[in-house]
Every structure is written in C-alpha cells, then in structure tokens.
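K.L.:
Model the structure of this input:
(chains A and B)
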Amino acid sequence: MIDFKNVTKEYGKDTAAVKNVSLHISAGEFVTIVGQSGTGKTTLAKLMIAEERPTRGSIVIGGWDITHIRHYEIPVLRRQMGVIYQDFKLLQKKKVFENVAFASEVSGTPSKKIHKIVPQVLKIVGLEKQVDKFPRQLSGGEQQRVAIARSLVHRPKIILADEPTGNLDSINAQDIINLLLKINKFGTTVVLVTHNHDIVNSLRKRVITMDHGMIISDQKHGKYIL
Amino acid sequence: MFFISIIRTIKFALQNFWRNIWLSLVTIIILLLTLIFVSVLSALNLLGDQAIKSVQDKVDIDVFFITDSTSDQLATAKGIIESYPEVKDVTYITTDQALENFKVAHADDEQILASLDELEENPLPASFVIKAKKLNQYDAIIQRLDGESFKELILSRDFQDNAVLINRISQITTRLTQVGIGVSILFAVISFLVVFNTMRIAIYTHREEVGIMRLVGATNWFIRGPFMWESLLYAVLASVLTMALLYPAALVASPYVNAFFEGYTFDFVLFIRSNFWQIFLVQMAVSLGLSMLSSMVAITRYLKV
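P.N.:
Down below sits the predicted model:
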C-alpha cells in the first residue's frame, strides 16, 4: 500500500528532515509514527500526500509511483487519501454538513450523491444530530470528528492523521483514536503521526519510531520507546 | 462532472462577489470609468473624422472656360486633367447644363429669369469641377493647370480653400485624442491595479478555504476558477453599465451633435444604434482584457496551488 525506498528529504545543503527512510505499510494496517518534535514525522506525512517531493529515493502509494508525480495528478492522489490535522482545518462560516460536503463539492460529486454520503459519514463519526451547527458551536473532539467525516467522504483507502489529538483532552483524544480504530476495522489503512505516549502504548499496534530523520525502530506491537 | 464543477466554481465566484460587495462595486466603478473614457475618446475621434470628411466633401476647383472653346478642346483638356495622379475625378459641365443649373438655383427669382430670357446667347461658360484625391493636392493641381497648353482657354478659376478650417478641426481632434489616450491609459493602469488588488484581497480572505480545497483534492483550475469567474463578472457588469449610462447620454447629446452636422448625412443616434453591438463588444473586450489579465497576474503570483 505505502512503500518508501531510501527516501531522503533535504531542505538545502546539510538540512535533511528525512534521511534514507525505507518502510512498507500494507493495506488495512494501523501504523503509528512516533518521535519527538523535529524528527521528521510531519515531513514523512507530507511526502505521502505529495506536499513535498523527495530529494532522493522513491515513494509508491497504492501501486502508484508518486516520486515524480505531476502537479495536475496531485488532486487525484489526495482524493484517495483522507488527511486529518491537529488544527482540524474546518471552515468556520460553514455548518457541519457543509464542511463535510465541501470535500465532495470541490471534486465534482453530484449533489444527489453528496446528500446521500454526507449523512452516512456523519453517522460513522457520531455527529448525525449536529449537522446544522457551526464549528464554533462544537467541542474540540467534535470538530476533529467533522474533519474525520470530511476525510471519509471520498471513501479513501488511506487515512493519514497528523497529530489529530494534539489539541484535545485525554477523553476526547481517546474518542478520536477509537474512531480511527473503527475506520481501520472497515479495511482502511490508518497512518497515525503522534507523540502522545499514552495513546501509542494503549494501541498495541505497529509503531515506527523516528529520530533525527531516521527510523530507529519498527515494532509490530510496539510501545513509545523514546 | 465537468459541468457540475463549472456550476460550482460560478457559485463560489458569486459568493465571493457578494461577500465583498463594496470591494466588488469599487472595482466595477473603476472599470466603468475606464470604459467611459475610452468610449468618449472614440466618439470624439468619430465626430472629428466626420467633421473633417464633411468639409473635405465641399472642397473642389471650378475651372471656367472661355465661350470660344470647342467641345473637342475641352474633351482633350478633360483627358489631360484626369491623367494627373492627384486628381480623383473631373466633372464636365457644359454651357447648357450650367444654364439649366442656374435656372434651377434661381427658380424663385423671376427677375433674374426674365433678364436671362432677354439675352440672345447663353452667357454662362462651360466648366470643370475637379476633385483631388487628398486635401493637400489642390495646390499641385493648380500649378499643373497653370503650365498646360490649354491655359489660354481658361477664363477663371475658383478654389475655395477650406484648408484652414480643416486644419483647425484636425488639430482639435488630434489634441483631444492625445489627451483622451493619456487619460484612458491612466485609467487602464488604475483599473489594472484595482482589479489586481481586489483579487489579492479575495485570495487572502480565502486562503483557508483554498488550503482545504488543496487538501481534499480540488484541481488547480477548480481552485482558480472562482477568481477567474469573479473577474469576468466585473468585466461584464462594467460593460453593461457603461452602455446603460452612455446610450441615454448619447440620446441627450444627439440634437447638439446633429445640429453641428446640419446639412450632412450624419445622425449620431442612428450611428450608435446601427453599431450598438460592435461598440458593446469593443467595450467588453477592453474590460475583459484588463480584468482577466490583472486577475491572472494576481492569481499566478498569490494563489499557490
């Protein structure tokens, strides 16, 4: 599903955010990428969605070599991946339904289909009764659920969650992780980037640990070792 | 899917337009002022040209011949004059035609007609009406006539020189055009900057939305589309409003303009009516050119997709 082969990402000379990283993530896996701030976790995530290009090495996502992906192909890649961020990235002037529908609207999905899919994904994240609320009327956990619902409307094969619990308290954080586990059970590959010890340790899933841009550990049922 | 996306980009453009209504209105007003200046400049050019043309039509040289001239001699002279490169055409007015024209011209004056009847012979000479190709060629024609062998047959020559009047009109028109071009360029530059700035602000206000669009897989043209539609909307509205303002203005000005051209076949309103779509399309082209170009520069510069 996701293949990194000897990937290095440099920002100028002698500034490598990711150094010679090789990893393979199979379809349906739940993988946690951990590490302290500035260890290259987010750069790795950016490389997966082609927001950054590797300086060296190759990246294959779902059989598609995106190492030299063309500019106009990036939207096609992004529709196959759902991305969730720490700051939710919701449109404050749009209601819950509109925020989720927005992802489908911009990709040209017919309105009829949007009105069918959006309630379904909102039900998955448990927000079917909050459709008419604005983001400011929701808690942090609920806002992150909206972001997850938005990432699900394209029925992605991969969910990439970059510090999705960073702005949440422990209860809400656990709810979000449970939701990601639920999505993973449907067969979606989940890549979780985090530095939250408790979450990583409670998951008992594969843990890839990064330090100074390199993978220092890759455990099948790992724990936070740093 | 393509059609749906086009409709959605238009919807987003209309939302942007409405949410920044004051900025949109200012942009349209500036474009409108530019179009008004370009239109007024074009109208002045047209009226100036028409005025010059009207005066030009009246300029000719009348050459009168002595009554002893034979028709063969006059036919030869006509042929020679027609061969001058400066001559556009030569009209031969025989003595009989001259008499006929005179009678028609003085049909109401019985005294003159009666005295004409008293004369035994036709007193009016045969003549040529010579028209030059260009206004400044009459002097050259007169010089050539003075050097011709049939010079002895010429009784008199009448050349009403309207050159001073024509030069005057031409000078005023040229000056007005120069000022008009200057003002139009100034407004075009201002329009460009205003549209550019409007787009820059629109892009800045929508930076969050654009970021999310990129995140969820919107194509580049879908992200840029609403901004391009918005600039198209400015251009179309400015053109329509300009016509809506200028047409009544032309109706008001028409009696004065037509009075100026009294006696000539020129009707200002008729001209605008028969060229309405051409004028509208030219305005639209100017407006679209300015608006789309500045938007494209702003989008390329500030909208990173």
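K.L.:
okay, CA-based contacts and neighbour counts for the rest of this
P.N.:
OK.
K.L.:
what's the burial count for the residue in the stretch 101-250 of chain B positioned nearest to chain A?
P.N.:
Evaluated by C-alpha to the nearest C-alpha, the stretch 101-250 of chain B has B:Gly217 as its residue closest to chain A, separated by 4.0 Å. Here the number of neighbours of B:Gly217 (other C-alpha atoms under 10 Å in any protein chain shown) works out to 24.
K.L.:
Name the SS class of it, please.
P.N.:
coil (DSSP: H, G, I helix; E, B strand; the rest coil).
K.L.:
That one against A:Met81, yeah?
P.N.:
No: between B:Gly217 and A:Met81 there is no contact under C-alpha atoms under 8 Å: 9.0 Å.
K.L.:
and A:Leu180, how many neighbours?
P.N.:
Quick note: A:Leu180 (other C-alpha under 10 Å) scores 22 neighbours.
K.L.:
make that B:Leu31, sorry
P.N.:
Counted with other C-alpha under 10 Å, B:Leu31 comes out at 29.
K.L.:
Show me what the helix or strand harbouring it is packed up against.
P.N.:
According to DSSP states H and E, B:Leu31 maps onto helix B:21-58. With contacts taken as 3 or more C-alpha pairs under 8 Å, 6 or more residues apart in numbering or on different chains; DSSP states H and E, helix B:21-58 sits against helix B:163-205, helix B:220-260, helix B:276-302.
K.L.:
what do you get if the cut-off is 10 Å, keeping everything else the same?
P.N.:
helix B:2-19, strand B:127-132, helix B:163-205, helix B:220-260, helix B:268-274, helix B:276-302 (3 or more C-alpha pairs under 10 Å, 6 or more residues apart in numbering or on different chains; DSSP states H and E).
K.L.:
circling back: quick one: the residue of the stretch 101-250 of chain B closest to chain A from B:Val210, how far?
P.N.:
11 Å (C-alpha to C-alpha, to the nearest Å).
K.L.:
for A:Val193, same thing?
P.N.:
A:Val193 is 24 Å from B:Val210, by C-alpha to C-alpha.
K.L.:
Of those two, which one has the most company?
P.N.:
Neighbours per residue (other C-alpha under 10 Å) separate A:Val193 from B:Val210, with A:Val193 holding more: 25 against 19.
K.L.:
Tell me the bridge partners for the more buried one.
P.N.:
A:Ile33, A:Asp162 (DSSP bridges).
K.L.:
Quickly run through the sheet partners of the helix or strand where A:Thr209 lies, with directions.
P.N.:
Element membership for A:Thr209 (DSSP H and E) is strand A:206-211. As defined by DSSP bridges, the strand partners of strand A:206-211 come to strand A:30-34 (parallel), strand A:214-219 (antiparallel).
K.L.:
Run through who's touching that strand.
P.N.:
A:18-19, A:21, A:23, A:25, A:29-41, A:44, A:191-193, A:195, A:200-201, A:215-226 (C-alpha atoms under 10 Å, 6 or more residues apart in numbering or on different chains).
K.L.:
Buried ones among those?
P.N.:
A:18-19, A:21, A:25, A:29-35, A:39-41, A:44, A:191-193, A:195, A:200, A:215, A:218, A:222-224 (16 or more other C-alpha atoms under 10 Å in any protein chain shown).
K.L.:
So for the chain, the centremost residue is which one?
P.N.:
Using chain A. A:Leu160 (1.6 Å; C-alpha atoms, centre = their mean).
K.L.:
let's do chain B instead
P.N.:
B:Leu46 (2.8 Å).
K.L.:
and A:Asn201, what pLDDT?
P.N.:
With respect to pLDDT, A:Asn201 scores 89.
K.L.:
Please apply the same query to the one 10 residues further on.
P.N.:
For A:Asp211, the pLDDT comes out at 92.
K.L.:
And for it, the neighbour number?
P.N.:
Count around A:Asp211 with other C-alpha under 10 Å applied: 19.
K.L.:
now stretch B:245-257: mean pLDDT?
P.N.:
Mean predicted confidence for stretch B:245-257 is 87.
K.L.:
what does that stretch contact?
P.N.:
B:32, B:35-36, B:39-40, B:43, B:47, B:239-240, B:243, B:260-262, B:266-270, B:272-273, B:276.
K.L.:
are any of those buried, and which?
P.N.:
Buried, going by 16+ other C-alpha under 10 Å: B:32, B:35-36, B:39-40, B:47, B:239, B:243, B:261, B:266-269, B:272, out of the contacts of stretch B:245-257.
K.L.:
Let me know which of the strands paired with strand A:206-211 is the nearest to A:Gln174.
P.N.:
strand A:30-34 (14.5 Å; C-alpha to C-alpha).
K.L.:
Get me the contact residues on chain B for chain A.
P.N.:
Within chain B, the positions adjacent to chain A are B:1-9, B:208-209, B:211-223, B:305 by C-alpha under 10 Å from any C-alpha of the partner chain.
K.L.:
ok, of those residues, which come out buried?
P.N.:
Looks like these have B:4-6, B:8-9, B:209, B:212-220, B:222-223, B:305 buried, using 16+ other C-alpha under 10 Å.
K.L.:
three-state assignment of A:Val191?
P.N.:
strand.
K.L.:
And B:Ser69, by the same measure?
P.N.:
Going by three-state DSSP: B:Ser69 is coil.
K.L.:
so what's the closest residue in space to it that isn't next to it in sequence up against?
P.N.:
Excluding its sequence neighbours, the residue lying closest to B:Ser69 (C-alpha to C-alpha, 6 or more residues apart in numbering or on different chains) is B:Leu153, at 6.4 Å. Taking C-alpha under 10 Å, 6+ apart, we find B:Leu153 in contact with B:Phe64, B:Phe65, B:Ile66, B:Thr67, B:Asp68, B:Ser69, B:Thr70, B:Gln73, B:Leu74, B:Ala77.
K.L.:
Same question for B:Val183.
P.N.:
Per C-alpha under 10 Å, 6+ apart, neighbours of B:Val183: B:Thr34, B:Phe37, B:Val38, B:Leu41, B:Thr177, B:Val189.
K.L.:
And the residue nearest to B:Phe266 when sequence neighbours are not counted, how far from chain A?
P.N.:
Nearest-residue entry for B:Phe266: B:Asn258, 7.0 Å, with adjacent residues in sequence omitted and distances by C-alpha to C-alpha, 6+ apart. Going from B:Asn258 to chain A by C-alpha to the nearest C-alpha, to the nearest Å gives 56 Å.
K.L.:
what's around B:Asn258, how many residues?
P.N.:
16.
K.L.:
Contacts only, for the residue lying closest to B:Arg224 once chain neighbours are set aside.
P.N.:
Leaving aside its chain neighbours, B:Arg224 sits nearest to B:Ile299 (7.2 Å; criterion: C-alpha to C-alpha, 6+ apart). B:Ile299 makes contact with B:Phe196, B:Met199, B:Arg200, B:Ala202, B:Ile203, B:Arg224, B:Phe227, B:Met228, B:Leu293, B:Val305, according to C-alpha under 10 Å, 6+ apart.
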